[in-house]
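>>> Here is my input; please provide its structure:
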Amino acid sequence: MLESGCKAVKEGMLEKRSDGLLQLWKKKRCILTEEGLLLIPPKHPPPPQQQQPAPPAEPAAKIKELHFSNMKTVDCVERKGKYVYFTVVMAEGKEIDFRCAQEQGWNAAITLQMVQYKNRQAILAVRSTRQKQQHLASP
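Numbering: from 1, shown residues only. As a prediction, this is how the structure comes out:
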């Protein structure tokens with residue numbers, strides 16, 4: 001996603017529940033694109049833009065990419081106090097919990113982009129199948 005130069009659909013802060021024993025909520029700077037969700041630690045520099053030369057080798061391991069091709073659903077929306085809690089379920093079954101202020105609408109934005117991505121993939125698959133059938137049918 002970083003390399004492909006996808007434009008940001010939404011940017012802002014989300015809180016992600018850590019996997020550790022204490023399961024603390026950690027703030028992440030998030031960038032939602034047409035391909036997925038980037039999770040960036042708040043002190044980490046922003047990802048390089050497509051036009052700029054690559055900066056000196058930095059550990060990109062801190063940036064987590066949740067690609068829509070690996071995402072199954074956005075589940076368990078619950079409104080409690082000022083927060084909306086939701087879970088991103090990945091294809092391999094891993095669940096990642098998030099929360100944000102209700103008015104931010106991150107869960108809806110992620111769901112919408114994921115559905116649009118899956119629809120684009122389905123259309124491409126149908127076109128590919130039709131092209132193969134036409135190619136086989138032509139003498």
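>>> Could you list the low-confidence segments of the chain?
1-5, 44-61, 139 (pLDDT under 70).
>>> Now with 90, please.
For the chain, the stretches with pLDDT under 90 are 1-7, 19-21, 42-62, 76-77, 102, 127-139.
>>> So which residue is smack in the middle of this protein?
residue 37 (2.1 Å; Cα atoms, centre = their mean).
>>> pretty sure that residue is in contact with residue 110, am I right?
Yes - between residue 37 and residue 110 there is a contact under Cβ atoms under 8 Å: 6.2 Å. Every residue, glycine included, has its C-beta placed from N, CA and C.
>>> What segments of the chain are strands?
Secondary structure of the chain (DSSP state E): strands at 8-17, 25-33, 36-40, 64-67, 71-80, 83-90, 95-101.
>>> Mutual contacts of residue 37 and residue 110, please.
residue 88 (Cβ atoms under 8 Å, 6 or more residues apart in numbering).
>>> just to revisit the earlier point, which one of the strands of the chain lies nearest to residue 136?
strand 64-67 (32.2 Å; Cβ to Cβ).
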